[in-house]
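[1] Build me a model from this:
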Amino acid sequence: MQHVTMLLNLSNDPIIERTLTPRCALTVAEYLAFELNMHILVIMTDMTSYAEALREFSSSKGEIPGRKGYPGYLYSDLASMYERAGMIKGSTGSLTQIPILTMPNDDITHPVPDLTGYITEGQIVLDRGLQNQGFYPPVNVLPSLSRLMKDGIGEGFTRADHPALSNQLFASYAKVIDARSLASVIGEEELSDTDKKYLEFGRQFESTFINQGFDENRDISQSLDLGWKLLSTLPRSELDRVDDELLDQYYGK
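    Numbers count the residues shown, from 1 in each chain. Next up, the predicted model:
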């Protein structure tokens, strides 16, 4: 806590304060990052509460509402905060943002998560089903994304096989979801042998790759090796996102 600056707005505080709190926090962060040359992480939670306060404030001024009653300038308003992250010339400090929001009715197309996804450089989606199974962190892989990952992985950054392995794990897990949907209709016993292997791959992927204990310290090389171990449980012919050279090197090893 000696390295934390916290700005709070409680639920019984005026909504005008809620619309100002994240901007005040970012101003403090910019001073620490760009004047004092520190590396600052800003965690803003909950941006849904901020957007609802903005909607109430906009309604009280008689402004024309947009989608679901939110003001039409919600996109530019959120962008004016999210785009205050980064670095500036002449300073060695940096400002990183992690805005956190809840999705009303678990609807990712809701205006707040929808617009946030357009503006930010990536998103991590947490899944209630994985949480209920005791997996930590309960990250839902398929809707999660990073628009910067491609520039920071591969040879010279992590490992040469990282991009292909990532694509294959993503594609294979997508087939797991399809197999589960089919199994819910016709029953797991009626699935083909390949689909059954995908179901087992999905269970192992969630319990060993996604699930990472709070005290577990797994580096990137261990994660990549674990990914290959999981892919090796699938028929080699199913791994169509990886070239033969990588398969010869890592498959089944």
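[2] What about residue 54, how many residues nearby?
    20 (other Cβ atoms under 10 Å). (Each C-beta comes from the backbone N, C-alpha and C, glycine too.)
[3] And for residue 169, the neighbour number?
    Residues near residue 169, counting by other Cβ under 10 Å: 20.
[4] can you give me the helices for the chain?
    For the chain, the helices defined by DSSP state H cover 15-30, 47-60, 74-82, 111-119, 128-132, 162-186, 193-204, 220-231, 244-250.
[5] ok, now which ones touch the most far-flung residue of the chain relative to its centre?
    Ranked by distance from the centre of the chain (Cα atoms, centre = their mean), the top residue is residue 62, with 35.5 Å. Neighbour list for residue 62: empty [criterion: Cβ atoms under 8 Å, 6 or more residues apart in numbering].
[6] give me phi/psi at the residue lying closest to residue 33 once chain neighbours are set aside?
    Nearest residue to residue 33 in three dimensions, chain neighbours excluded: residue 93, at 3.8 Å (Cβ to Cβ, 6 or more residues apart in numbering). The phi/psi pair for residue 93 (degrees, to the nearest 10) reads phi -80, psi 170.
[7] Quick check: residue 93 touching residue 41?
    No - in this structure, residue 93 is not within contact of residue 41 by Cβ atoms under 8 Å, at 11.7 Å.
[8] neighbour-wise, which of the two wins?
    residue 93 (18 against 14).
[9] Please report how far that one lies from residue 38.
    From residue 93 across to residue 38, the span is 5 Å (Cβ to Cβ, to the nearest Å).
[10] How about residue 173?
    The value you get for residue 173 to residue 38, if Cβ to Cβ is used, is 38 Å.
[11] Same question for residue 190.
    According to Cβ to Cβ, residue 190 stands 59 Å off from residue 38.
[12] re earlier: of residue 173 and residue 38, who's got more company?
    residue 173 (19 against 16).
[13] which one is the more buried one nearest to, not counting chain neighbours?
    Nearest residue to residue 173 in three dimensions, chain neighbours excluded: residue 141, at 5.6 Å (Cβ to Cβ, 6+ apart).
[14] How much space separates that neighbour from residue 217?
    Per Cβ to Cβ, residue 141 is found 21 Å from residue 217.
[15] Among the two, which residue is more densely surrounded?
    Neighbours per residue, other Cβ under 10 Å: of residue 141 and residue 217, the larger number sits with residue 141, 20 against 7.
[16] what's near enough to touch the residue nearest the centre of the chain?
    In the chain, the centroid-proximal residue (Cα atoms, centre = their mean) is residue 124; its distance is 1.2 Å. Applying Cβ under 8 Å, 6+ apart to residue 124 gives the contacts 139, 144.
[17] What separation do you get for it and residue 209?
    15 Å.
[18] what does residue 101 give?
    Residue 101 sits at a distance of 26 Å from residue 209 (criterion: Cβ to Cβ).
[19] how far is stretch 192-201 from where the chain is centred?
    How far stretch 192-201 lies from its chain's middle: 27 Å, per Cα atoms, centre = their mean, to the nearest Å.
[20] Apologies, that question was intended for stretch 38-46.
    16 Å.
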